[in-house]
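J.: curious how this folds, go ahead:
(one chain, ligands or ions: 1)
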Amino acid sequence: MRAASKKMCAEGKTIALVPTLGALHAGHVALMRRAAQEADVVVVSVFVNPLQFGTNEDLGKYPRSLAADVGLAGKEGAAAVFTPSVKEMYPKGYSTFVTEDRVSKPLCGMSRPALFRGVLTGWLKLINIVQPDVLAMGEKDPQQIAVLRKALADLSLDVRIVSGPFVRDPDGLALNARNDFITPKQRAEALSVHRALVLAEGMVASGVKNADRIVAEATHVLGEKRRLRVIYIALVNRETMEPMREVVPGKSLLAIAYWVEDVRLTDSCLF
Ligand code: AMP
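T.: Next up, the predicted model:
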């Protein structure tokens, strides 16, 4: 990969990197297309990064479909698909990690303490190998974007972040590789999360700004489903992830994480 990147660089091409865990779907495709608008070539990485899974999480059963992923990335015109092994990324005795201590702490950082340390360590390695000009990240994971933005700035990395659109299934469920694990019945329950976000968007559109009111109404919608277990719902600043009392257009994020049975999912909307 390093040799391929050097060659593309020497040819004067700019590179956009799209890091993924694989099991590619329409959300990833939208991101690849966004990346293609921002650089001459697109490199997609497929790596189920064990560092970003906690000990009791679903690393073992995370969906893997490498052949289909390579086919899809090729169809979308990717110049390369980088698929390092765990051994290559973290050989025996590996002992260097990257952490960000502020933006990564609340929300998913609170409930999944290994997550952002794993993401940052893995992604910094991918960036160092691929040497991209642009890093493409989906708006489906706004805290991930905020953490990477902060870390890249703090570490003075000359990589520009561009975000790709949030892609949902027609019924409103956020596309996610883990959606395969839920039954149609569970899916119907999970859809109340999208309904809660739509309600919140409607409130904001009609002029409501107060965070407590928005969170309370959204929580009411979530409470109608028996199998849904909400981990957090919060209105935060989209850059710092700190709580906000009022919606500030262009700055606010309503973020939700929840369990439907034993599948942990997230959803959100930007105001
Ligand atoms: P993942 O494979 O889940 O780690 O995601 C890899 C990249 O694709 C991340 O930047 C995600 O934000 C993005 N992504 C995943 N699902 C979606 C989606 N439904 N809509 C938009 N982007 C997504």
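
J.: residue 152: neighbouring residues, count only.
T.: Each residue near residue 152 was counted by other Cβ atoms under 10 Å, and the total is 20. For every residue, glycine as well, the C-beta is placed using N, CA and C.

J.: list the contacts of it.
T.: 135, 159, 161 (Cβ atoms under 8 Å, 6 or more residues apart in numbering).

J.: mind listing what's buried in the helix or strand it falls within?
T.: Applying DSSP states H and E as the criterion places residue 152 in helix 142-154. When burial is assessed from 16 or more other Cβ atoms under 10 Å, helix 142-154 yields the following buried residues: 142-152.

J.: pLDDT, secondary structure and neighbour count added to the contacts of residue 152, as TSV?
T.: As requested, the contacts of residue 152 are exported to TSV (pLDDT from 0 to 100; DSSP: H, G, I helix; E, B strand; the rest coil; neighbours: other Cβ atoms under 10 Å):
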residue	pLDDT	secondary structure	neighbour count
135	98	strand	26
159	98	coil	18
161	98	strand	14
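
J.: coming back round to it: make JSON lines from the buried residues of helix 142-154 and add pLDDT and distance to residue 219 to it.
T.: Listed next are the buried residues of helix 142-154 as JSON lines, based on pLDDT from 0 to 100; distance: Cβ to Cβ, whole Å:
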{"residue": "142", "pLDDT": "98", "distance to residue 219": "19"}
{"residue": "143", "pLDDT": "98", "distance to residue 219": "20"}
{"residue": "144", "pLDDT": "98", "distance to residue 219": "24"}
{"residue": "145", "pLDDT": "98", "distance to residue 219": "25"}
{"residue": "146", "pLDDT": "98", "distance to residue 219": "23"}
{"residue": "147", "pLDDT": "98", "distance to residue 219": "25"}
{"residue": "148", "pLDDT": "98", "distance to residue 219": "29"}
{"residue": "149", "pLDDT": "98", "distance to residue 219": "29"}
{"residue": "150", "pLDDT": "98", "distance to residue 219": "29"}
{"residue": "151", "pLDDT": "98", "distance to residue 219": "31"}
{"residue": "152", "pLDDT": "98", "distance to residue 219": "34"}
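
J.: what does the stretch 1-150 of the chain put close to the ligand?
T.: 20-21, 27-28, 30-31, 137-138, 140-141 (Cβ under 6 Å from any ligand atom).

J.: chain neighbours aside, what residue packs nearest to the residue nearest the centre of the chain?
T.: Per Cα atoms, centre = their mean, the C-alpha nearest to the average position across the chain is that of residue 141, at 3.2 Å. Using Cβ to Cβ, 6 or more residues apart in numbering and skipping the chain neighbours, the partner closest in space to residue 141 is residue 266 (7.4 Å).

J.: what about the lengthiest helix in the chain and the ligand, any contact?
T.: When every helix of the chain is counted residue by residue (DSSP state H), the longest turns out to be helix 184-205. No - residues of helix 184-205 contacting the ligand under Cβ under 6 Å from any ligand atom: none, with a closest distance of 11.9 Å.

J.: which residues sit against that helix?
T.: Contacts to helix 184-205, defined as Cβ under 8 Å, 6+ apart, come from residues 168, 171-174, 179, 182, 213-214, 217-219, 221-222, 224-228, 233, 247, 254, 256, 258, 260-261, 263, 265, 267-269, 271.

J.: out of those, which are buried?
T.: Burial by neighbour count, 16+ other Cβ under 10 Å: within these this picks out 168, 173-174, 179, 182, 214, 218, 221-222, 225, 228, 233, 247, 254, 256, 258, 260, 263, 265, 267-269, 271.
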